[in-house]
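1. mind looking at a prediction? Sequence and model below.
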Amino acid sequence: MTAIKHALQRDIFTPNDERLLSIVNVCKAGKKKRNCFLCATVTTERPVQVNVVKVKKSDKGDFYKRQTSWALRDLAVVDAKDAVKENPEFDLHFDKVYKWVASSTVEKNTFISCIWKLNQRYLRKKIDFTNVSSQLLEELPKVAEESVPSGENQSVAGGDEEAVDEYQELNAREEQDIEIMMEGCEYAISNAEAFAEKLSRELQVLDGANIQSIMASEKQVNILMKLLDEALKEVDQIEMKLSSYEEMLQSVKEQMDQISESNHLIHLSNTNNVKLLSEIEFLVNHMDLAKGHIKALQEGDLTSSRGIEACTNAADALLQCMNVALRPGHDMLHAVKQQQQRFSDLREQFARRLASHLNSVFVQQGHDQSSTLAQHSVELTLPNHHPFHRDLLRYAKLMEWLKNTDYGKYEGLTKNYMDYLSRLYEREIKDFFEVAKIKMTGTTKEGKKFATLPRKESAVKQETESLHGSSGKLTGSTSSLNKLSVQSSGNRRSQSSSLLDMGNMSASDLDVADRTKFDKIFEQVLSELEPLCLAEQDFISKFFKLQQHQGISGSTTNEAEEMDGGNLSRSYPSGVPQTISSEKDMIRQMMTKIFRCIEPELNNLIALGDKIDSFNSLYMLVKMSHHVWTAQNVDPASFLSTTLGNVLVTVKRNFDKCISNQMKQMDEVKISKKSKVGILPFVAEFEEFAALAESIFKNAERRGDLDKAYIKLIRAVFVSVEKVANESQKTPRDVVMMENFHHIFATLSRLKISCLEAEKKEAKQKYTDHLQSYVIYSLGQPLEKLNHFFEGVEARVAQGIREEEVSYQLAFNKQELRKVIKEYPGKEVKKGLDNLYKKVDKHLCEEENLLQVVWHSMQDEFIRQYKHFEGLIARCYPGSGITMEFTIQDILDYCSSIAQSH
């Protein structure tokens, strides 16, 4: 164990400036036996630090390594397990309990004794030793004294740590002294016992000298003891003085405590006074209303700008005083309650005064504005409300104050404003629309009477005028859509009433100037209404302060409702106002109430324009679409946008009705059985409709509506043309189809309507097909016998007879061919062509001018048949010299002369 201790000191502790005092070989209790060493060490540098170090032998060699270290001050308990019996187990309580088993009880006791000594010297008995024999702790040092030389015994008695050591390494000086001493003795190495005996004798001599020295110093010790007694007396005197001083200081301390308590009470009183002053200043500064403000609220002039400004400032000051956030406990003060009641009375008094004054202003405005209506009665303009708005906007801040403080009176003012202004606007707008109707129908009394007729009477009157104005002859059952009678191609358009006429005046009898006049009047009406509505809406949002915050409810009302005066009334719990849906909805509802007559008047004006001329629905659709688009760009949910959108639906419905009636009229059209058909009336009217629509809808926003109408109309035209062609008795079906589809194709080509490109191609194809069909049908077989002869020849060839052998057939020999050819001399052919030309001329109408086109196609078809016969003769009768009695040139001459003669 001594060699291990020496090795540990050299390899582990000396490099760290530590000295090893005690060592015990241990292993952990209850586990596989893996030995290690617990070492008690102290540092060589001051302050001294005492550690317990766990050292373990390395698995890869014979050297030791430091594994764990604990400071001795962290050791709480040393448990030896049994104070009576010998037991190698013991526990050390650091941050946790470490259980160890020593290799022997002696090593355990020695280690525990070392720990106890270190605890006594450095830790002042802080460690708790349990289950350790007190006799062991007391006797262990004595045992150690007996087992070591006297020199070491003195060291232990002196309290040096080296008493614990079993082995102390010699330092360099000690080694040098021993070497000198051994060199002085010849037998120091050869006879160690004799050398040891010599050293023992010398030691005894030294001990005797020490004893004598001690005995010689007894007198000096007595003197020292006497001095110590005197010193003790002096100490007692000093302690008595210190006690008296302590009593004095205690008295001073009591006095200082009383002064400190007094100062604390003074400080507390000052603090309370400061806080009280702060509370009073807060109440005075925030709940004191100036006398000037009180006077303004009670007697302020609400007619002048200066008075309104003073009242506004006073109302704001009052609102600030009423809305001040009181601190806890303020509401319990009687003065605060009185002041709050005074503020409430002032607010109520001023709110009544303000509401009464504004109601008077609303009434006065209605009377003043009514007096100016006469000057606008003959002009298509609406009165300007800007001066009225400008005067009222001076009260905008007061209205906001009223809204925040007394919502009931604010709501009452809102209703009164709507009531007065709705009656005023109703008179103005009705007079305005009356002027517009007069200008549309004429300024005479008769025109005014016509404009103010009820819808049914007006319709009957206009229908009667339309029937008298039209030279057409009605056939079949009468209806609101005039049924057409076609008598001749020359007077067709004078006989047919307008396709777009819906029981009103004929479109063909209207001058373009009248339509332009209507368009300008309608545009003027919309242009006057728009700024009026926008100005009123802007005024409402500013005056009633409705443009700032969204409402509580997230739902919005998309439809503008007709509302009576009670619709704005709501029961609000605890007097707290809640907006209906949002403040935008409230603006729209107010506008709907004020301008409730705009939509009906616009609908009446649209109905009048539609009765005057169905084409007006096109103008109205374009104008109304533009204004709706403009209004929606500004605010899609505004009253103007909603109202114009509703009216646009009516205009669109009239437009669709116009298109439907045209299609219905096409379906009910009747044709004369005695005269040729020619260009059908609805085909010509479609051309007129399309030309006018293209000029109206140029760069329009709602082009899609027109394109849809085009598609419906053109399909109905196609169907109706085929229907009339099938029913035609006087004119061949192919002629009716050919002429009308040629006219449709020419119209679509000229107007270049992009959405009807497919229909244009279809019309061209139908025209071409029926032209070819009519040519083939009308031309027929002008050389009938010759046709029959060559049909027989082709039949024989089809049966397998070679073409050059056909002439040997009895019925088709050369003599028979010559006989048939002689029956068709040039004179006979010309006569047949002349009769054919007269027949075609009788079928075709003059307007479309297709006679020469058809005649040229027939000429080409006749020449094609002639060339076919020539080819058959050349193939089936080669070398016979047989030819027709007329040539192609003769045919061209015949056709040219016939065309010129007619």
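-> Looks like it came in fine.

2. all contacts plus neighbour counts: C-alpha atoms, from now on.
-> OK.

3. tally of neighbours for Ser390?
-> Rather than Ser, residue 390 is Arg. Using other CA atoms under 10 Å, Arg390 has 11 neighbouring residues.

4. Asp610 too?
-> Asp610 has 22 nearby residues by other CA under 10 Å.

5. where's it, which helix or strand?
-> For Asp610, the host element (DSSP states H and E) is helix 598-612.

6. could I get the CA-only coordinates of that helix as CSV?
-> The C-alpha trace of helix 598-612 is given here as CSV (Å, rounded to 0.1, in the frame of the first residue of the first chain):
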residue,chain,number,x,y,z
ILE,A,598,-86.4,58.2,-59.9
GLU,A,599,-86.7,54.6,-60.8
PRO,A,600,-90.5,54.7,-61.6
GLU,A,601,-90.0,57.9,-63.6
LEU,A,602,-87.1,56.4,-65.6
ASN,A,603,-89.2,53.3,-66.3
ASN,A,604,-92.1,55.5,-67.5
LEU,A,605,-89.7,57.5,-69.7
ILE,A,606,-88.3,54.2,-71.1
ALA,A,607,-91.8,52.9,-71.8
LEU,A,608,-92.7,56.1,-73.6
GLY,A,609,-89.5,56.0,-75.7
ASP,A,610,-90.2,52.3,-76.5
LYS,A,611,-93.7,53.2,-77.7
ILE,A,612,-92.6,56.1,-79.8
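
7. right, and the helix or strand after it?
-> Heading C-terminal from helix 598-612 (DSSP H and E), you reach helix 616-634.

8. so which bits of that next one are buried?
-> 616-625, 627-629, 631-632 (16 or more other CA atoms under 10 Å).

9. in terms of distance to Arg818, which of those ranks first?
-> Arg818 lies nearest to Leu618 out of these, by CA to CA, at 70.4 Å.

10. got a list of what that closest one touches?
-> Neighbour list for Leu618: 655, 693, 696-697 [criterion: CA atoms under 8 Å, 6 or more residues apart in numbering].

11. packing partners for the helix holding Asp610?
-> Packing contacts for helix 598-612, counted by 3 or more CA pairs under 8 Å, 6 or more residues apart in numbering; DSSP states H and E, involve helix 407-441, helix 455-469, helix 616-634, helix 639-668.

12. what packs against the last one?
-> Here helix 639-668 touches helix 512-543, helix 583-594, helix 598-612, helix 616-634, helix 703-727, going by 3+ CA pairs under 8 Å, 6+ apart.

13. any idea of the angle it forms with helix 703-727?
-> Inter-element angle recorded for helix 639-668 and helix 703-727: 10 degrees (by axes from the mean of the first three to the mean of the last three CA atoms, to 10 degrees).

14. helix 639-668 vs helix 616-634, what angle?
-> 150 degrees.

15. you'd agree Lys85 is in a strand?
-> No: per DSSP: H, G, I helix; E, B strand; the rest coil, Lys85 lies outside any strand segment and is coil.

16. returning to that earlier point: between the contacts of Leu618, identify the one with the most neighbours.
-> Phe655 (23 neighbours).

17. can you tell me how far the residue lying closest to it once chain neighbours are set aside sits from Glu434?
-> Excluding its sequence neighbours, the residue lying closest to Phe655 (CA to CA, 6 or more residues apart in numbering) is Ser617, at 5.6 Å. Note on Ser617: its distance to Glu434, by CA to CA, to the nearest Å, is 20 Å.
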